[in-house]
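Q: Got a sequence here, can you model it:
(one chain, ligands or ions: 1)
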Amino acid sequence: MDLIIKKNPTDLAKAAADLITKRITDVLKTQDRFTIALSGGSTPKALHELLAKAPYVEQIPWAQLHVFWGDERYVPIDDEQSNAGMAYDTLLGHVYTPEEQIHVWKTELEPAEAAADYDRVLHEYFGDTGPTFDLVLLGMGDDGHTLSLFPGTEVVHEQTAWTAAYFLTKQDMYRLTLTAPIVNRAKCVLFLVAGPKKAAPLKEVLEGDYNPDVYPSQQIKPTDGELIWLVDEKAAADLE
Ligand SMILES: O=C1O[C@H](COP(=O)(O)O)[C@@H](O)[C@H](O)[C@H]1O
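A: Numbers count the residues shown, from 1 in each chain. Model prediction:
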């Protein structure tokens, strides 16, 4: 595991943009497509906005990207809570990645059907064995959740299925999410974490006892891939 600490959210977004650009260009030297899973939340917005501008917008071969989302709120894409909607507004609406390479969770279906549909697409795309995404971008909530793996939910312990849909009582909404089994087969997982509210959960996730029911982010440990935590100084404040 690599831990990289940056001064503030602006420096963090720039470091993430540099790292992602380098990884995409390096990987595309040996294969013709790059598969990325985006996340939602506040932290990726600044990153997306940066990637949509010079120099990154010219450096990244957008047409070779295949885009998925780690999780989604069960809302229409034009709802302000939609992770895909946010990504289109801040990034995908400003670059050229063919629509058929952008895989949005189908929130027009019933939640369980939307999860089954995404699972089918992912299995068709990656096959049933071997590595999955070239890069998964993740955030971590103040409560230690990542993806839509929230504390105290059964999906945190999913061992087999690649996707799940469930009703998240505390938010009064359905959530659609990838699970640890598929994310842990990624070639690289990059967490982006910023702000003082993340300090206590980050310390527990990285330095505390293993307790994924309370800190679901602890479930993310790629089997063969890299794990990078890119955090700002405020989020890192409690670390040893
Ligand atoms: O609910 C969500 O939150 C997490 C963390 O978001 P942040 O705003 O604290 O950065 C995010 O990773 C996830 O995709 C999203 O659905």
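Q: what's the neighbour count on the nearest residue to Asp143 once chain neighbours are set aside?
A: If you skip the residues right next to it in sequence, Asp143 has Pro151 as its closest partner in space, 5.6 Å away by C-beta to C-beta, 6 or more residues apart in numbering. Any C-beta I mention is one placed from the backbone N, CA and C, and that applies to glycine too. When counting by other C-beta atoms under 10 Å, one arrives at 18 neighbours for Pro151.
Q: I figured Pro151 was touching Gln218, is that so?
A: No: Pro151 is not in contact with Gln218 according to C-beta atoms under 8 Å; the separation is 10.8 Å.
Q: Need the residues touching each of those two.
A: With contacts taken as C-beta atoms under 8 Å, 6 or more residues apart in numbering, Pro151 and Gln218 have Gly144 as neighbours in common.
Q: biggest helix in this protein, by residue count?
A: Across the chain, the longest stretch assigned as helix under DSSP state H is helix 9-27.
Q: name the helices or strands packed onto that helix?
A: Counting contacts by 3 or more C-beta pairs under 8 Å, 6 or more residues apart in numbering; DSSP states H and E, helix 9-27 is packed against strand 2-6, strand 34-38, helix 43-51, helix 56-59, strand 135-138, strand 188-193, strand 226-232.
Q: what angle sits between the lowest-mean-pLDDT helix or strand in the chain and strand 34-38?
A: Of all the helices and strands that make up the chain, the one with the lowest confidence by mean pLDDT, DSSP states H and E is helix 43-51; it has a mean of 94. Angle, helix 43-51 to strand 34-38, by axes from the mean of the first three to the mean of the last three C-alpha atoms, to 10 degrees: 140 degrees.
Q: What residues does the chain have near the ligand?
A: Taking C-beta under 6 Å from any ligand atom as the criterion, the chain approaches the ligand at residues 39-43, 70-71, 83, 138-141, 146, 148.
Q: List buried residues within those residues.
A: When the residues of the chain next to the ligand are checked for burial by 16 or more other C-beta atoms under 10 Å, the buried set is 39-41, 43, 70-71, 83, 138-141, 146, 148.
Q: what two of those have the greatest distance between them?
A: When those are compared pair by pair using C-beta to C-beta, the two farthest from each other are Thr43 and Ser148, 15.7 Å apart.
Q: returning to what we had before: of the helices and strands packed on helix 9-27, flag the one that's most buried.
A: For the helices and strands packed on helix 9-27, average neighbour numbers computed from mean count of other C-beta atoms under 10 Å are highest in strand 135-138, which has a mean of 26.
Q: which outside residues touch that strand?
A: 16, 20, 23-24, 34-39, 44, 47, 70, 146-147, 183, 186-192, 217, 220.
Q: same thing with stretch 110-130?
A: Taking contacts as C-beta under 8 Å, 6+ apart, the residues outside stretch 110-130 that touch it are 35, 66, 68, 74, 103, 105-107, 109, 132, 161-167, 174, 176, 182, 185.
Q: Isn't Gly85 up against Glu72?
A: No: Gly85 lies out of contact with Glu72 (C-beta under 8 Å); the separation is 9.7 Å.
Q: okay, those two: which has more neighbours?
A: The residue with more neighbours, out of Gly85 and Glu72 and counting by other C-beta under 10 Å, is Glu72; that gives 28 against 21.
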